[in-house]
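J.: whatever this is, show me its structure:
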Amino acid sequence: MKQSSDYLECEKPWVYWLLIMAAGWFGSYTFILRGGVFCNAQTANIVLLGIALGQQDWQHAAYLLIPITAYFAGAFVSELLGKTVKRLRFLRWDTMLIGIEVIAVLILGLLPESVPDQVCQIVLNFICSMQFNTFRQVEGVPAATTFVTNHIREVGSNLAKYLRRRDAESGRRVRVHGLMILFFSFGAVFSAICCDFLQYRAIWGSGLILLVIFIRLARADRSYERTQLDQVPHGH
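T.: Down below sits the predicted model:
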């Protein structure tokens, strides 16, 4: 069984806890202040697209293609840039992505209320897709950093396995996925509180979380993991 030291810094649990906390922040923010939608995943939009097509509401169907396309583009761009950035041997793509997210969140918080909600939604769709495609495993355990549906399933499945077999791996996976759900919830709660006080600037709270990740990952890239910039994170 691999030890924690066998994994890159970008695969450590603390990174995933903070990333999914930021995602919970995004979801709460867009639902409360930017159109009453969740921008972390596209399942709901696909369902709505199907409904619109079935009801021959072509205008709404075309509108729904915008966030879906943004999510598609995020996965495409992250896969493309990840290979390109790797050749630069300065920072890992994982680190640079978090820096991009920090800048995006800063700009979104500066936008006035009059800016259409769709602008914020599309930007968050794009960066959430890049994040989802880039961060795939926390110390060898597949884990999403933008939504919790699979984490809930994994907790239930692995809890049953643990009670039946009492094996350490199932217990570890219950803890990993359970903590992801908990931190996602923390992000949603704190975001809702901040939205009451800060309104459209509340998204900067997620930016602070992401900034902590960026600083620590950049430090790893430029110091104790400098010789490992070619190493590919697990799951890629």
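
J.: starting at the chain centroid, how far to the strand or helix carrying Ser28?
T.: Secondary structure assignment for Ser28, by DSSP states H and E: helix 13-33. Per C-alpha atoms, centre = their mean, to the nearest Å, the displacement of helix 13-33 from the mean C-alpha position of its chain is 7 Å.

J.: got the buried residues for it?
T.: Residues of helix 13-33 classed as buried: 13, 15-33 (neighbour count, 16 or more other C-beta atoms under 10 Å). Just so you know, the C-beta spots here come from the backbone N, C-alpha and C atoms, and that holds for glycine as well.

J.: per-residue confidence averaged over that helix?
T.: What helix 13-33 shows for mean pLDDT is 96.

J.: also stretch 157-177?
T.: In this model, stretch 157-177 has a mean pLDDT of 94.

J.: now stretch 212-219
T.: In this model, stretch 212-219 carries a mean pLDDT of 97.

J.: do stretch 118-138 as well
T.: Regarding stretch 118-138, the rounded mean pLDDT is 94.

J.: check which residues of it are buried.
T.: Here stretch 118-138 shows 118, 120-136, 138 as buried, counting by 16+ other C-beta under 10 Å.

J.: with stretch 65-85 instead?
T.: Within stretch 65-85, the residues scored as buried using 16+ other C-beta under 10 Å are Pro67, Ala70, Tyr71, Gly74, Ser78, Leu81, Gly82, Val85.

J.: what sits up against it?
T.: With contact meaning C-beta atoms under 8 Å, 6 or more residues apart in numbering, stretch 65-85 is reached by 39, 41-42, 45-46, 49, 91-93, 96-97, 118, 121-123, 125-130, 132-134, 236.
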